[in-house]
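J.: Output the structure for:
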Amino acid sequence: MTYTGDVAVGGPTDVRELPGLRVTKIAVGPFDNNVYLLRCAATGTTVLIDGAAEAERILATLGADPLVTVVQTHGHPDHVQAIGEVRAATGADLLCHEGDAGMMPEGQQPSFVNDGDVVPVGDVSVRAIHLEGHTPGGLALLYEGDPERPHLFTGDSLFPGGVGNTQKDPERFARLMDDVETKLFGPLPDSTWVYPGHGRDTTLGAERPSLPEWRARGW
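T.: Modelled structure (predicted):
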């Protein structure tokens, strides 16, 4: 089966087999959030990107694989509703950037991930990239184990057609654009596959020509 990244709430998951890693994309909740299960091919060890909603569905998709970590790309309410139930069922650790620590659900004490930190996924890993603007502690997660292309999980910081919502705050927008341009589009190739927090996937190459337009329009 060919991975497309096109998923819908209540519909099937989409699975992508990468060298060393399986990516399972699931659409959940009333805000059509994307959550991602990253499973190490060698060990079965799994990491969840964003405990957004529908904990029962996330756990059913996980199956018997050991979930060791929930990594939050940011702390907005639509991205955190399943954290408690998922952690209670699995014993997984919770990681986020310190800037969003106060946005985690009550009783869910996180450990912190900083820019450049490595998050293990069994025998492989992803690297955290801090992107400030959509929230103070926004994170992207980069998998570089595929020789064909990097794979980038951007939360709500980067979508097809633009960066994340900064509530028309010009300073927040400028910070987010600066981080996206210098930390993502600057060092990463056009082939980089982008998995956002909502909606369809894209690539950096598809979005790169629009960067001046985004900067000019201010959102």
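J.: C-alpha from now on. contacts and neighbour counts both.
T.: Fine.
J.: which stretches of the protein have low pLDDT?
T.: Counting by pLDDT under 70, the chain has low-confidence residues at 1.
J.: Off-centre distance for stretch 108-115?
T.: Between the mean C-alpha location of stretch 108-115 and the chain-wide mean there is a distance of 15 Å, by C-alpha atoms, centre = their mean, to the nearest Å.
J.: Going by neighbour count, list what's buried in it.
T.: Applying a neighbour-count criterion of 16 or more other C-alpha atoms under 10 Å, one finds Pro110, Val113, Asn114 buried in stretch 108-115.
J.: Filter those residues down to the ones in helices?
T.: Secondary structure defined by DSSP state H assigns none of the buried residues of stretch 108-115 to helices.
J.: nearest to Leu18, of these?
T.: Set against Leu18, the nearest of those by C-alpha to C-alpha is Val113 (24.3 Å).
J.: which residues sit against stretch 96-109?
T.: For stretch 96-109, contacts defined as C-alpha atoms under 8 Å, 6 or more residues apart in numbering pick out 71-77, 80-81, 83-84, 94, 110-114, 130, 135-139.
J.: State the phi and psi torsions of Glu171.
T.: When quoted as degrees, to the nearest 10, the phi and psi of Glu171 stand at phi -70, psi -40.
J.: if I pick it, what's in contact with it?
T.: Residues in contact with Glu171, defined by C-alpha under 8 Å, 6+ apart, are absent; none qualify.
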